[in-house]
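>>> Can you look at this prediction? I've put the sequence above it.
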Amino acid sequence: MDKFYNDVLYKLETAINELEIEVDYSIQRIEAVIDTILKCLSELKEYVLNRGFKSIKEEIHFFKYQKPAIVSKLIYYNAIYKIETKKPYGAKPIKKYLNNELRKLKRYFDNNLEFYKYYRTNNSFIDDKLFVRGKYDIKLSLDTFYFEADHRFSTSHDYKVAKIIANDLIQVYLEDQLLNTAYQDKSTDLPKLNWTSSKTAMIELIYALHSQGVFDNRNADIKVIAKTFERIFNIDLGDVLPYVYGT
């Protein structure tokens, strides 16, 4: 099992690294990564169903450490996809939005505190209930997800482990985003720059930058770029706005 798993994990991480480099569009990159992880899990599941495990010890190790390491990547990228596609515009709305996402992570932590302690202190005294297929205890804070999962490839707590690993990564991502937002917010304290050339020159610059895809990995709407330029350079595009807004 270990050799097959290590080969699968290596191929997955290599594929993710290549996608991080090759795909320009951030949303498309995340979609491609998620698809790659799903294919990897499908391959892993087929192996487990066909080969099984040599011992209970091997089964526990797989569902406690190996499978969660891959599923956590799926949870992480899916969460980032949702965060990015729902993110509002403006520093203050973004800050509020990101802090709310952090509060969701905190609620999950609070609701699963006992299991966090068990897992992070590397306890093992009830591993045979948590990480062996077909064995579960309804009293051990089961996620509804477990009852809907394929029990041939799931235990009562392997998904919860993956969630813990993913939430740590999501928290780092959110905190980095908050730092970036705070930096951008502080930049508004800088002296104002006034655009002293023609409005047409600005509109040509906006179109050039948009066509080059220099903002948000080509995902920035030209309307947002135009509004940002108006605010930063203290200018009202006025009669040239229709050309930007496509009206």
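Everything's here; your move. From a predicted model like this one, the values you see are computed outputs, not experimental measurements. Numbering: from 1, shown residues only.
>>> Pull the contacting residues for Gly134.
When contacts are counted by C-beta atoms under 8 Å, 6 or more residues apart in numbering, Gly134 touches His151. Quick note: C-beta positions are derived from backbone N, CA and C, even for glycine.
>>> And it, its phi and psi?
With angles defined as degrees, to the nearest 10, Gly134 sits at phi 80, psi 0.
>>> Distance-wise, check it relative to Arg29.
38 Å (C-beta to C-beta, to the nearest Å).
>>> and the gap between the residue nearest the centre of the chain and Glu101?
The centroid of the chain falls nearest to Ile80 when counting by C-alpha atoms, centre = their mean (2.5 Å). Going from Ile80 to Glu101 by C-beta to C-beta gives 10 Å.
>>> Please give the number of neighbouring residues around Lys3.
7 (other C-beta atoms under 10 Å).
>>> cool, the one 5 residues further on as well?
A total of 17 residues lie near Val8 under the criterion other C-beta under 10 Å.
>>> avg pLDDT for whichever helix or strand it is part of?
Here Val8 sits within helix 2-22, counting by DSSP states H and E. For helix 2-22, the mean pLDDT works out to 89.
>>> can you give me how far that helix is from the chain middle?
17 Å (C-alpha atoms, centre = their mean, to the nearest Å).
>>> and if you look at stretch 56-64?
27 Å.
>>> neighbouring contacts of it?
1, 5, 48, 53, 127-128, 130-133, 154-155, 157-158, 161.
>>> Also stretch 80-88?
Contacts for stretch 80-88 (C-beta under 8 Å, 6+ apart): 26-27, 30-31, 34, 94, 97-98, 101, 170, 173-174.
>>> Name the residues of that stretch that are buried.
Within stretch 80-88, the residues that qualify as buried are 80-81, 83, counting by 16 or more other C-beta atoms under 10 Å.
>>> now could you export just the CA positions of it as CSV?
Presented in CSV, the C-alpha positions along stretch 80-88 are these (Å, rounded to 0.1, in the frame of the first residue of the first chain):
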residue,chain,number,x,y,z
ILE,A,80,-10.7,28.7,-1.8
TYR,A,81,-12.8,28.4,-4.9
LYS,A,82,-15.9,29.3,-3.0
ILE,A,83,-14.2,32.2,-1.2
GLU,A,84,-12.8,33.7,-4.3
THR,A,85,-16.0,33.4,-6.4
LYS,A,86,-18.1,35.0,-3.6
LYS,A,87,-15.6,37.7,-2.5
PRO,A,88,-17.1,41.2,-2.6
